[in-house]
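> Provide a 3D model corresponding to the input given below.
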Amino acid sequence: MDPMCSWCWAFSKTLDNWLALHPDLDVLWVMGGLAPDNDEPMPHSMRDAIASTWKRIESQTGTVFNHDFWIQNTPRRSTYPSCRAVIAAGELLLNGRQLMSSAIQQAYYLEAKNPSDMTTLSECAVSIGLDADQISELITSDAIETKLNSELEFCRKLGIQGFPALLLVNGDAVTPLALGFSSLDKIEARFNSSL
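Predicted coordinates for the structure are as follows:
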């Protein structure tokens, strides 16, 4: 997943509900990284395309988006910082990846804050009980960069080209439960048929 993936945001409630049905599963939140570091403002054509995607997702799924994001920010096509923040939170808290992913999504999609900015990522970290200075230092560390690159490679090896992707790994068997947005009943049916 990528916390700045709008389809991942739309899928988050379904995923939470499915995970609640299976509390004993070991869950690994792998960062797939949609867009590398970039300090350049997003071109208007890309802004328009992503904004229209938000509206399409909203109409298809009922997911809420705060469209003020496009007015209040200078968007950049840069999601790796938020991916690093999720990985860093996982180093500091037992369920830190899930908590940080959720905090980033809430800040981005509901509060119109920009997760490409370190200040937003620090605020998200504080909101889940982490120290702003500690997380900022960790996000920019070589260790987190190495972990991100490893996870990007892992996604490539599995052939994952889009998000969200929910995979069941059982020994050497890898079964896709969702490749893209999916409903709870479909995920559960795929899960049950894979057992």
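
> for stretch 76-88, the distance to its chain's centre please.
9 Å (CA atoms, centre = their mean, to the nearest Å).

> can you give me the strands in this structure?
All strands of the chain, identified by DSSP state E, fall at 165-170, 173-179.

> need these in CSV (columns: distance to Gln60 and mean neighbour count).
(C-beta placed from N, C-alpha, C; glycine too.) Output for the strands of the chain, formatted as CSV (distance: least, CB to CB, whole Å; neighbours: other CB atoms under 10 Å):
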stretch, distance to Gln60, mean neighbour count
strand 165-170, 19, 16
strand 173-179, 15, 15
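
> okay, those in TSV with mean pLDDT next?
As requested, the strands of the chain are exported to TSV (pLDDT from 0 to 100):
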stretch	mean pLDDT
strand 165-170	94
strand 173-179	94
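
> let's have those in CSV, adding distance to Glu40.
As requested, those are exported to CSV (distance: least, CB to CB, whole Å):
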stretch, distance to Glu40
strand 165-170, 28
strand 173-179, 31
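
> out of those, which is closest to Asp117?
strand 165-170 (26.4 Å; CB to CB).

> now the closest one, how far from the chain's geometric center?
Worked out by CA atoms, centre = their mean, strand 165-170 lies 16 Å from the chain centre.

> that older thread, Gln134: which of the strands of the chain is closest?
Per CB to CB, nearest to Gln134 of the strands of the chain: strand 165-170, 30.1 Å.

> for the closest one, name the packing helices and strands.
Using 3 or more CB pairs under 8 Å, 6 or more residues apart in numbering; DSSP states H and E, the elements in contact with strand 165-170 are strand 173-179, helix 184-194.

> partner strands of the shortest one, parallel or antiparallel?
Same thing as strand 173-179. Partner strands and pairing direction for strand 173-179 (DSSP bridges) are strand 165-170 (antiparallel).

> thanks again, I'm all set now.
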